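>>> output the structure for:
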Amino acid sequence: MEQSAHLTWLTFGSLLILQLYFTVRALLRPHREPASRLAWVVVIIVAPLVGIVAYLLFGEANIGRHRVARFRRALGRLPAIDELGADIREASIPERYVVPFKVGHSISGYAPTAGNSATLLPDSDAAIDAMVADIDAASEHVHLLFYIWLTDTNGLKMIEAAKRAARRGVDCRVMVDDLGSRALIRSPHWQDMGDAGVRLARALPIGNPLLRPFRGRIDMRNHRKIAVIDNRVTYCGSLNCADAAFAIKARFAPWVDIMLRFEGPVVRQNQHLFAGDWMAHVKEDLAPLLWEPARHVSDGFIAQVIGTGAMVRYSAMPEVFVSLMNAAKRELVITTPYYVPDEPIQAALCAAARRGVATSIIFPRRNDSWIVAAASRSYYKDLLDAGVRIHEFEPGLLHAKSLTVDGEVTLIGSANIDRRSFELNSENSILLMDAGVTGAIRARQHSYICQSVRIEVGAVAQWSTPRQLWNNTVAMLGPVL
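Residues are numbered from 1 along each chain as shown. Have a look, this model is predicted:
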């Protein structure tokens, strides 16, 4: 009995030491908001075993020392951004938009460049068909990077296009996220592409799941969607390489995405972003492609690529969103499927509405993540009280990520307004200033609103106490999740 008591006290003491160690570790974790530190400390103290294991798996935004070193070596082999002949024309940017473009420039070094054009594709199928047509017209190289690539109709269209290009001698490089595109990687189509001459790479390979936590977080993923063809054309938006039916989550279908086809200097910026990812995983030098002269479009608009991820500061995307919200004078319209903001974003959005900006945000009515859905709705009351118009899109899962300011400036890309996009995922976006393109995006946003239910203050006020408690509890755990 004495030995049993001794073991009990030893176990208790060991657990207490571990609790203390991980509590201190959570408090010392850099770049955390106080709320995030508090949330982790509470979890570790209240549920020590679960809390400690959870912290080991998800508590720190750690991609792994070796991966960081590889990314840095890759970037070191690429031409410095300033050597690419960036065409910075801040004089052409109205003063109130200078700050967002400067914020973007500070993140990944890509300057706002003039001479770009863009076309908004009608829907997911049209975007895939446009990419296939550009791949079929390629004469030099095809670079594709997607978080999710399915072996459905659209996915197979892209696979066959890449194989055709490789067989006629075009350098084709395909990179997919090892988790998001695991179904493709495990399918015969992956090997078929390789046999056809397509060079393949898996972004952030998982390896042994049991050992993975010791080499970095398993849920830090490459969420980018990039296509670059012949240094001539690039695509940017929310579309994964898949059908709108999105077979892996079909009950939320159709997935409604938005995609732009670009020409101009931003093509080379997207090329640089792709090259950094590729060279961090594959021993191949893509630097020569970046020395080619940038192609300008006559009378084109100003745009810049913004690439965020583990290699840049954690606050990068929030800074972009806040700077654009603060720049709005007349109208601010946002679409995002996932809304779990930090405090500055929530405050900036409310402040925009309070100062008289017509502020609208569009969410999907049914979200594929019940956690995010609950957390998002915990913010509704404060948004509505400030005057923000909230719309919930009904026909499917609105997956489009877009932000328009005063019908003049647009941000489009892969980043959601949630902590995963801020701290964990590698994302790509393009910030542009053009009334024509922004008008087209704004019209698309209006079409979403027309298919949405507007959420009123009275409806939220009638939510039951258990529902409010649930939403707020999930939101409180947002910094942990």
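>>> give me the domain ranges for the chain.
For the chain, the structural domains run 2-58, 65-75+117-300, 316-476, going by automatic domain parsing.
>>> so can I have a markdown table of those domains showing mean neighbour count?
For glycine as for every other residue, the C-beta is placed from the backbone atoms N, C-alpha and C. What follows is the domains of the chain, written out as a markdown table (neighbours: other CB atoms under 10 Å):
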| stretch | mean neighbour count |
| --- | --- |
| domain 2-58 | 14 |
| domain 65-75+117-300 | 19 |
| domain 316-476 | 20 |
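>>> which among those is found nearest to I107?
domain 316-476 (4.6 Å; CB to CB).
>>> hmm, back to that, closest to G109 out of the domains of the chain?
domain 65-75+117-300 (8.8 Å).
>>> what does R202 show for phi and psi?
Dihedral pair for R202: phi -110, psi 120, per degrees, to the nearest 10.
>>> got a pLDDT number for it?
Confidence at R202, expressed as pLDDT, is 96.
>>> from P288, how far out is the nearest residue to it once chain neighbours are set aside?
Distances taken as CB to CB, 6 or more residues apart in numbering place D178 nearest to R202, at 4.3 Å, with adjacent residues excluded. Between D178 and P288 the computed distance is 27 Å (CB to CB, to the nearest Å).
>>> with D368 instead?
41 Å.
>>> do the same with I455
52 Å.
>>> tell me the phi and psi of the spatially most central residue of the chain?
Geometric centre of the chain, nearest residue: A415, 2.7 Å, by CA atoms, centre = their mean. Main-chain torsions, A415, degrees, to the nearest 10: phi -80, psi 130.
>>> correct me, but it touches S429?
Yes: at 5.5 Å, A415 and S429 qualify as touching, with contact defined as CB atoms under 8 Å.
>>> joint contacts of those two?
Common contact partners of A415 and S429 (CB atoms under 8 Å, 6 or more residues apart in numbering): 308, 317.
>>> tell me the contacts of the residue nearest to R202?
Applying CB under 8 Å, 6+ apart to D178 gives the contacts 185, 202-206.
>>> any idea how far it lies from I218?
10 Å.
>>> next one: A126
A126 is 35 Å from I218, by CB to CB.
>>> point out where this structure drops to low pLDDT.
Flagging of the chain using pLDDT under 70 yields the residue ranges 1-12, 30-35, 56-64, 81-91, 211-216, 477-481.
>>> same thing but 80
The chain contains residues with pLDDT under 80 at 1-19, 21-43, 45-72, 74-76, 80-91, 207-220, 476-481.
>>> what is the nearest of the contacts of D178 to S92?
A203 (35.8 Å).
>>> how about the closest one: what's its closest non-neighbour residue?
Per CB to CB, 6+ apart, closest to A203 is N222, 3.9 Å.
>>> quick check: bridge partners of the one you found?
S426 (DSSP bridges).
>>> now the helices for the stretch 101-250 of the chain?
Using DSSP state H, counting those that start in this stretch, the helices of the stretch 101-250 of the chain run over residues 124-136, 153-167, 182-185, 188-195.
>>> how near is the residue nearest to R202 to S315?
27 Å.
>>> before we move on, what about S238?
Distance of S238 to S315, given as CB to CB: 22 Å.
>>> cool, A415 as well?
From A415 to S315 the distance is 13 Å (CB to CB).
>>> what of S426?
16 Å.
>>> go on, V357?
23 Å.
>>> repeat that for D406.
Between D406 and S315 the distance is 25 Å, computed by CB to CB.
>>> with H272 instead?
Remark: distance between H272 and S315 (CB to CB) = 22 Å.
>>> hang on, S360 in a strand?
Yes: under DSSP: H, G, I helix; E, B strand; the rest coil, S360 sits within a strand.
>>> who does it bridge with?
Those that pair with S360 in a beta bridge, by DSSP bridges, are V333, R389.
>>> surely it is in contact with S452?
No: taking CB under 8 Å as the definition, S360 is not a contact partner of S452, at 9.7 Å.
>>> name the residues contacting each of the two.
In contact with both S360 and S452: H391, using CB under 8 Å, 6+ apart.
>>> mind listing what G407 touches?
The contact partners of G407, by CB under 8 Å, 6+ apart, come to 330-331, 435, 438-439, 442.
>>> how about it, phi and psi?
Dihedral angles of G407 (phi, psi; degrees, to the nearest 10) stand at phi 70, psi 20.
>>> any idea how far it lies from G207?
48 Å.
>>> now do the same end-to-end measure for stretch 261-272.
Start-to-end span of stretch 261-272 (CA to CA, to the nearest Å) is 17 Å.
>>> again with stretch 379-399
End-to-end for stretch 379-399, by CA to CA: 19 Å.
>>> next one: stretch 287-305
18 Å.
>>> likewise stretch 358-375?
OK, stretch 358-375 end separation, CA to CA: 24 Å.
>>> oh, and call the first residue 6 from now on, that's how I've got it
Sounds good: first residue 6 from here, last item stretch 363-380.
>>> any idea how far it is from the chain center?
On the basis of CA atoms, centre = their mean, to the nearest Å, stretch 363-380 sits 16 Å off its chain's mean C-alpha point.
>>> can you pull the contacts of R75?
Contacts of R75 were listed using CB under 8 Å, 6+ apart, and they are 285-286.
>>> just the element for it, please.
When elements are assigned from DSSP states H and E, R75 belongs to helix 70-82.
>>> CA atoms of stretch 247-256 as CSV?
Only the C-alpha atoms of stretch 247-256 are listed here, as CSV (Å, rounded to 0.1, in the frame of the first residue of the first chain):
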residue,chain,number,x,y,z
ALA,A,247,-12.1,19.9,-58.5
ASP,A,248,-15.7,19.9,-59.6
ALA,A,249,-18.2,22.2,-58.0
ALA,A,250,-19.9,19.0,-56.7
PHE,A,251,-16.7,18.5,-54.6
ALA,A,252,-17.1,14.8,-54.0
ILE,A,253,-15.3,14.6,-50.7
LYS,A,254,-17.9,17.0,-49.1
ALA,A,255,-20.7,16.5,-51.6
ARG,A,256,-23.5,17.3,-49.1
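>>> contacts for it?
Contacts for stretch 247-256 (CB under 8 Å, 6+ apart): 128-130, 153-155, 157-160, 188, 245, 257-262, 373, 401-402.
>>> at 10 Å what do you get?
Applying CB atoms under 10 Å, 6 or more residues apart in numbering, the external contacts of stretch 247-256 come out as 128-130, 133, 151, 153-163, 185-186, 188-189, 245, 257-262, 371, 373-374, 401-402, 404.
>>> for V46, find the nearest of the helices of the stretch 106-255 of the chain.
The closest of these to V46 is helix 187-190. By CB to CB, the value is 34.2 Å.
>>> hey, C-alpha coordinates of that closest one in PDB?
The C-alpha trace of helix 187-190 is given here as PDB (Å, rounded to 0.1, in the frame of the first residue of the first chain):
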ATOM      1  CA  ARG A 187      -3.800  12.600 -50.600                       C
ATOM      2  CA  ALA A 188      -6.600  10.900 -52.700                       C
ATOM      3  CA  LEU A 189      -4.800  12.000 -55.900                       C
ATOM      4  CA  ILE A 190      -1.400  11.000 -54.700                       C
END
